[in-house]
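Enquirer: coordinates for the following, if possible.
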Amino acid sequence: MWAVPLSDLAVDEAIETAVSRVIRSGWWSMGPTVEEFESAFAEFCGSKHAIAVSSGTAALHLSLLAVGCGRDDEVVVPSLNFVAAANAITHTGAEPVFCDVLGPDDLNLDPRDVEGAITPSTRAIVVLHYGGVPCDISAILDIARAHGVAVVEDAAHAVGASAAGRPCGTFGDVGCFSFFANKNLPVGEGGMVVTDDDELASRIRLLRSHGMTTLTWMRHRGHASTYDVVARGFNYRLDEVRAAIGLVQLERLPRTTAERARIMSTYRERLHGVHGISMPFAAQDSSVSSSHHLAVAILPAETQQYARDALARHRVQTSVHYPPIHRFTEYARPDMRPLPMTDHVAGRILTLPLYPHLREDQLDLVVDGLLDVVAEHSSA
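Expert: Residues are numbered from 1 along each chain as shown. Here you go, the predicted structure:
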């Protein structure tokens, strides 16, 4: 129904061939293709360990457990984020403590507010690289060291992004990636945890597969004949089919990231500063390299829903990244810390279509449509 969908997948012969090869192999659960994907992803990130999992949420959950989060602990996390981050925290038994963002020009978490959110119960900080733009990770690491807490990088948006030449996901104790169908490296459902810490990697691998000491693939190859269970783990494994897709997508990631950057450049050139519209991260530091995961515009006040409805009538799909977590019924509290910047931008954010094969005529439809809608609303 959409003339321009928010996100779109390109399925080609390379993906079909990779999937067919795995299907014909007769081994579909976690095995050699997953191992190959893990090795390739670790090399891509320059990380010692890469552990493939069933989703980005699973990556967060396992990482939080591995760094010791549990009952009576607190974890600081930006509210302008997908709810999976808060859910993963609560599933460890800990409580999320929401922090603010810097403002309309930079939608990443505010290090000063992170500092203000830390208490003696804080066990970890979950940082999000919003839209694929690296946050001020050096400031967060300084805060974490000063307070003796762990840093879990939510790099779901940031595969291929870097700061000072270092890949996002490799700064904290652990880094978590998502390969959901709308992400920059889409496989359908899937995720990855990266770390240089041998102990954390061992713990995550153990919890990924029911706390078993050997895996089905190892027993299939005759490398083991039985197993023990030494932890209460989960089934967070990735399968061979999705790993095969991941290997293809990883190989083409530099090209698709460049295409996203080109489209983002057009959005900025044509929208920033026009009719009261602004594009966050316009003054991006040259030492920072974005993955260009989201094309987010900040609209004039009271325009968000009007613009979404009008663009939908032109068959342009939009979204909002994100409804703040602290406003959801499950997480709203009367004694919530004030988050003025998050509340300020929440009703003005509009996410525009962005994917590598977005055509020029589709881009024109989005840009022209948004400019017309905002101008029309402001004159009404």
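Enquirer: so where do the helices sit in this protein?
Expert: Counting by DSSP state H, the chain has helices at residues 13-25, 32-45, 56-66, 84-90, 111-117, 137-147, 198-208, 216-220, 240-271, 304-313, 340-346, 360-379.
Enquirer: the third one versus helix 198-208: what angle between them?
Expert: Spelled out, it's helix 56-66. 120 degrees (axes from the mean of the first three to the mean of the last three Cα atoms, to 10 degrees).
Enquirer: go on, the last one?
Expert: Direction vectors for helix 360-379 and helix 198-208, defined by the same axes, to 10 degrees, enclose an angle of 90 degrees.
Enquirer: can you give the contact residues for helix 360-379?
Expert: 3-4, 263, 266-267, 270-271, 274-277, 297, 299-300, 302-303, 306-307, 310-311, 314, 316, 350, 352-353 (Cβ atoms under 8 Å, 6 or more residues apart in numbering). Just so you know, the C-beta spots here come from the backbone N, C-alpha and C atoms, and that holds for glycine as well.
Enquirer: can I get the helices of the chain in a markdown table including mean neighbour count, distance to Pro186 and mean pLDDT?
Expert: Shown next, in a markdown table, are these (neighbours: other Cβ atoms under 10 Å; distance: least, Cβ to Cβ, whole Å; pLDDT from 0 to 100):
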| stretch | mean neighbour count | distance to Pro186 | mean pLDDT |
| --- | --- | --- | --- |
| helix 13-25 | 14 | 10 | 97 |
| helix 32-45 | 19 | 14 | 98 |
| helix 56-66 | 28 | 12 | 98 |
| helix 84-90 | 22 | 16 | 98 |
| helix 111-117 | 19 | 30 | 98 |
| helix 137-147 | 16 | 25 | 98 |
| helix 198-208 | 18 | 21 | 96 |
| helix 216-220 | 15 | 25 | 63 |
| helix 240-271 | 18 | 6 | 98 |
| helix 304-313 | 16 | 24 | 97 |
| helix 340-346 | 18 | 27 | 97 |
| helix 360-379 | 16 | 19 | 95 |
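Enquirer: which one, of the ones you listed, ends up nearest to Ala282?
Expert: Among the helices of the chain, the nearest to Ala282 by Cβ to Cβ is helix 240-271 (6.4 Å).
Enquirer: what helices or strands is the closest one leaning on?
Expert: helix 13-25, helix 32-45, strand 295-298, helix 360-379 (3 or more Cβ pairs under 8 Å, 6 or more residues apart in numbering; DSSP states H and E).
Enquirer: what about that helix, distance to the chain center?
Expert: The chain centroid and the centroid of helix 240-271 are separated by 14 Å, computed with Cα atoms, centre = their mean, to the nearest Å.
Enquirer: report the separation between Val152 and Asp136.
Expert: Val152 sits 16 Å away from Asp136, going by Cβ to Cβ, to the nearest Å.
Enquirer: between these two, tell me which one has more neighbours.
Expert: Set Val152 next to Asp136 and count neighbours by other Cβ atoms under 10 Å: Val152 wins out with 28 against 19.
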